[in-house]
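Q: fold the following for me, if possible:
(2 chains)
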Protein chains: 2
Amino acid sequence: MALIVHKYGGTSMGSTERIAQVAKRVAKWARAGHQMVVVPSAMSGETNRLLGLARELAPGKLTQDYLREQDMLAATGEQASSALLAIALQAEGQPAVSYAGWQVPIRTSSAYTKARIDSIDDQRVRADLDAGKVVIITGFQGVDEGGNITTLGRGGSDTSAVAVAAALKADEAMIFTDVDGVYTTDPRIVPEARRQATISFEEMLEMASLGSKVLQIRSVEFAGKYKVPMRVLSSFTPWDIDLAEEAQSGTLITFEEYEHMERAVVSGIAFNRDEAKISVLGVPDKPGIAYQILGTVADANVEVDVIIQNVGKEGKTDFSFTVNRNDYAKTIDLLKDKVLPALGAAEVIGDPKICKVSIVGIGMRSHVGVASKMFRVLSEEGINIMMISTSEIKTSVVIDEKYMELAVRALHRAFDLDQLAT
Amino acid sequence: MALIVHKYGGTSMGSTERIAQVAKRVAKWARAGHQMVVVPSAMSGETNRLLGLARELAPGKLTQDYLREQDMLAATGEQASSALLAIALQAEGQPAVSYAGWQVPIRTSSAYTKARIDSIDDQRVRADLDAGKVVIITGFQGVDEGGNITTLGRGGSDTSAVAVAAALKADEAMIFTDVDGVYTTDPRIVPEARRQATISFEEMLEMASLGSKVLQIRSVEFAGKYKVPMRVLSSFTPWDIDLAEEAQSGTLITFEEYEHMERAVVSGIAFNRDEAKISVLGVPDKPGIAYQILGTVADANVEVDVIIQNVGKEGKTDFSFTVNRNDYAKTIDLLKDKVLPALGAAEVIGDPKICKVSIVGIGMRSHVGVASKMFRVLSEEGINIMMISTSEIKTSVVIDEKYMELAVRALHRAFDLDQLAT
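A: Presented below is the predicted three-dimensional model:
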């Protein structure tokens, strides 16, 4: 008998028919003897509907008092879907009870709309599990020290599920979603892309931060912090699929230090074409330059991703970075108006038609020459590299957008990801 | 400066436009220097929508576990409307905060879907009022000792408002609704019916229990128990109506013992055509008869209203009572199958086409001959009285349904209600 946490997204909870399917799947797991906790999202569309009503009443208001009420409002979506799932389970003959975040309680910070989980009390939930009930806990929300309802921000239900699994020391958190696992890269770009049976926590974290949308990055961080085994799998398989088969499906995110002999050095290729490149040329090469440039950009609420400062020549240097493509024009104007004059820099140039391609793999730690192999593969395809950024387990390059598919396919093949055992 | 509780029903909260109107009205009261607490219902239609989803998932389920989840589900309706009203007030520049029942907390019994309020903590609300905030408290719901959400049953928001007013020792609970007060009788039957400026608590209680739908009877009981001055008034007047005028509009339910010299003996005429009359004839006149008949009826979950046992003759008596018209056929069958054989009674007869007409007035306590005047008026109109039932401040008669309007108009005129000072 294991203690399992299931998480179902808004699409899986999108109608009473779909909720009934979720109930049948959960009841199957409970009947097999497992202690079951379920964390559902709101029915799809409901959160947007509620926030739309709020915006009609107070367009543009974003005070703390407003955000408190917005959380109070948005939290009703998960409370309703959780109660409906409990009812659907009871209709299946499976005892079930639902709890809002404050009832568990899930204690969070007071940062409305983006609260962080501080602690989760497991007492009440454990008592119900021991009494044979399925326990349903609203995703996305908690309660602060002052007894106010808080939400964790969009996608927060993933984080709720992992946090609940951590607090209960669950054997596994199963994240049911609309994809059937984590792939070596996007199958829409590379048809040979393969589902990975397992992926390490660190690889998953890099994939999530590099633009893979399978899992919310905070949930992966949480899983890492508390070593929660976490599985991503499809909620679109028939509910009565064999349980043993379902338990092995999708992708397991692991924390075990295993031998990498049989594993590829690179486990996945991520890419992102939402960025634009900006360079400030002829900058005086002296301390404080990076801060003067990026501080100005940060003050305008523009997030910066890759940052490169070239080696200086004759007391001058070039400084390049990437921003989200939506912020491109705004950032160029800002630099021209504020930074060039103050700094005495020569010129600001940019290119919005770039993309970032990354190889990710925990094996890169112990293998030399992985990055240089990446550069060689791209060079053989005639692809010019504009910027390079590395970390312990990934290498990212910025290249011309038009070469993106070509680069991803060439790298996928060169690192033998087509042959990865699943 | 007074402490005022406003209650708004589902129609008043039916759209963002209407919620914005409520916010303007409440802000007007707050700007006039009053401490304001508002108890809103869910947006009209929302509670039915939510309960409809539950029924789709579990048709016919009514276990305690189911009812717990149904309350969890239904309570989201008021939580959402309360947050929206807080947002609308903030958009008006009026600081406001909303609380769900459990946040106040409003402690109730554990009887899901029909919980009773045990206590209300006023500490948190008072602190906010003193800080100049309008406090919005979800109607219809509370929390039990085990931390489970409970609801008070349909119309429970009236009760919430009065209970909150009692806990805060508010100067007045103003119940905004779709009628502009309590009338001497239904103006659709008697065009001369007049709005009553005041009505005593006891009269209001009789009117509510006799079928007047202006106020939920439990809220009137609550107001009586805690002596909360309570006013029923229209939410359809323009929000910017002069405040002094609004404060005197509608009908005030009072607890003061005032002189009745200038008041009519009878203050209102109630009527109800939802009932049917049933008689068991030739019943042996011995102890236990009422229990044998009515116990059987009660066991079938049929509610009995007026009950008459005639004086016995020759060891036999007749026993008559009224039930809701929907239960008529079922009750007749039940009596024929179970009671006649066991009792050796002669016959069961009935009449579904009856109505009950009642005169209500606190002045009946001190005036003799009021009931007999009622009987005389009806007799002069040629209306035969089938059953009579009296209490300290009301007299009800059961008559043929076809005479209902005639009886109500004749009584309204005979007791000078057309001339009642408002």
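
Q: could you pull out the helices in the stretch 251-400 of chain A for me?
A: A:289-299, A:328-334, A:340-343, A:370-380 (DSSP state H, counting those that start in this stretch).

Q: tell me the buried residues in the shortest one?
A: Think helix A:340-343. A:340, A:343 (16 or more other Cβ atoms under 10 Å in any protein chain shown). Just so you know, the C-beta spots here come from the backbone N, C-alpha and C atoms, and that holds for glycine as well.

Q: who are the packing partners of it?
A: Counting contacts by 3 or more Cβ pairs under 8 Å, 6 or more residues apart in numbering or on different chains; DSSP states H and E, helix A:340-343 is packed against strand A:275-284, helix A:289-299.

Q: go on, the second one?
A: Contacting helix A:328-334 under the criterion 3+ Cβ pairs under 8 Å, 6+ apart are the following elements: strand A:275-284, helix A:289-299, strand A:347-351.

Q: alpha carbons of the last one, as PDB, please.
A: Backbone C-alpha positions of strand A:347-351 (Å, rounded to 0.1, in the frame of the first residue of the first chain) are rendered in PDB as follows:
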ATOM      1  CA  GLU A 347      25.700  52.400 -30.200                       C
ATOM      2  CA  VAL A 348      22.700  50.200 -29.400                       C
ATOM      3  CA  ILE A 349      21.900  47.400 -31.900                       C
ATOM      4  CA  GLY A 350      19.500  44.500 -31.700                       C
ATOM      5  CA  ASP A 351      18.000  41.600 -33.400                       C
END
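
Q: what pairs with that strand, parallel or antiparallel?
A: strand A:275-284 (antiparallel) (DSSP bridges).

Q: sorry, back to before: deepest in the core, which of the helices and strands packed on helix A:328-334 is it.
A: Of all the helices and strands packed on helix A:328-334, strand A:275-284 carries the top mean neighbour count, a mean of 21, counting by mean count of other Cβ atoms under 10 Å in any protein chain shown.

Q: contact partners of that strand?
A: Strand A:275-284 is contacted from outside by A:289, A:293, A:305-306, A:315-325, A:327-328, A:331-332, A:335, A:339-340, A:343-356, A:386-387, A:398, using Cβ atoms under 8 Å, 6 or more residues apart in numbering or on different chains.

Q: now do the contacts for the closest residue to A:A91 other than its chain neighbours.
A: The shortest distance from A:A91 to any residue other than its chain neighbours is 3.9 Å, reached at B:A58 (Cβ to Cβ, 6 or more residues apart in numbering or on different chains). By Cβ under 8 Å, 6+ apart, the residues touching B:A58 are A:87-88, A:90-91, B:66.

Q: equivalent analysis for A:E69, please.
A: A:54, B:83-84, B:86-87, B:90, B:97-98.

Q: any idea which of these is closest to B:I19?
A: B:L84 (5.4 Å; Cβ to Cβ).

Q: any idea how far the closest one lies from chain A?
A: Distance, B:L84 to chain A, by Cβ to the nearest Cβ, to the nearest Å: 6 Å.

Q: buried set for the host helix or strand of that residue?
A: Per DSSP states H and E, B:L84 falls inside helix B:64-91. For helix B:64-91, burial by neighbour count (16+ other Cβ under 10 Å) applies to B:65-91.

Q: from A:L152, how far out is the residue nearest the centre of chain A?
A: Nearest to the mean C-alpha position of chain A, counting by Cα atoms, centre = their mean, stands A:Q216 at 2.4 Å. A:Q216 is 9 Å from A:L152, where distance means Cβ to Cβ, to the nearest Å.

Q: and A:V304, by the same measure?
A: As judged by Cβ to Cβ, A:V304 and A:L152 stand 25 Å apart.

Q: the two: which has the busier surroundings?
A: Higher neighbour count among A:V304 and A:L152: A:L152, with 29 against 17, using other Cβ atoms under 10 Å in any protein chain shown.

Q: quick one: pLDDT of the more buried one?
A: On pLDDT, A:L152 comes in at 92.

Q: does it touch A:G142 like I think?
A: Yes. Because the distance of 7.1 Å satisfies Cβ atoms under 8 Å, A:L152 is recorded as touching A:G142.

Q: overlap in contacts, those two.
A: A:108, A:115, A:117, A:160.

Q: chain neighbours aside, what residue packs nearest to the last one?
A: For A:S160, ignoring the flanking residues on the chain, the nearest one in space by Cβ to Cβ, 6+ apart is A:G139 at 4.2 Å.

Q: the helix holding B:L84: how far from the chain's middle?
A: Mean-position distance between helix B:64-91 and its chain equals 22 Å (Cα atoms, centre = their mean, to the nearest Å).

Q: which element follows that helix toward the C-terminus?
A: By DSSP H and E, the next helix or strand past helix B:64-91 is strand B:96-99.

Q: just confirm yes or no for that following strand near chain A.
A: Yes. Using Cβ under 8 Å from any Cβ of the partner chain, strand B:96-99 reaches chain A at B:96-98.

Q: export only the CA atoms of that strand, formatted as PDB.
A: Only the C-alpha atoms of strand B:96-99 are listed here, as PDB (Å, rounded to 0.1, in the frame of the first residue of the first chain):
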ATOM      1  CA  ALA B  96     -13.500  47.400   2.000                       C
ATOM      2  CA  VAL B  97     -12.700  43.800   3.000                       C
ATOM      3  CA  SER B  98     -14.700  40.600   2.600                       C
ATOM      4  CA  TYR B  99     -14.800  37.700   5.000                       C
END
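
Q: what's it packed up against?
A: Looks like strand B:96-99 contacts helix A:64-91, helix B:64-91, helix B:123-130, strand B:134-137 (3+ Cβ pairs under 8 Å, 6+ apart).

Q: and the contacts of it?
A: When contacts are defined by Cβ under 8 Å, 6+ apart, strand B:96-99 is touched by residues A:65, A:68-69, A:72, B:79, B:82-83, B:85-86, B:89-90, B:124-125, B:128, B:133-138.

Q: hmm, back to that, could you check the angle the helix holding B:L84 makes with helix A:64-91?
A: Counting by axes from the mean of the first three to the mean of the last three Cα atoms, to 10 degrees, helix B:64-91 lies at 160 degrees to helix A:64-91.

Q: average pLDDT for helix B:64-91, rounded please.
A: 97.

Q: one more: stretch A:328-343?
A: The model assigns stretch A:328-343 a mean pLDDT of 90.

Q: gap between the residue at the greatest distance from the centre of chain A and A:D285?
A: Farthest-out residue of chain A from its mean C-alpha position, per Cα atoms, centre = their mean: A:E314, at 43.4 Å. Counting by Cβ to Cβ, the gap from A:E314 to A:D285 is 9 Å.

Q: before we move on, what about A:V164?
A: For A:V164 relative to A:D285 (Cβ to Cβ), the value is 51 Å.
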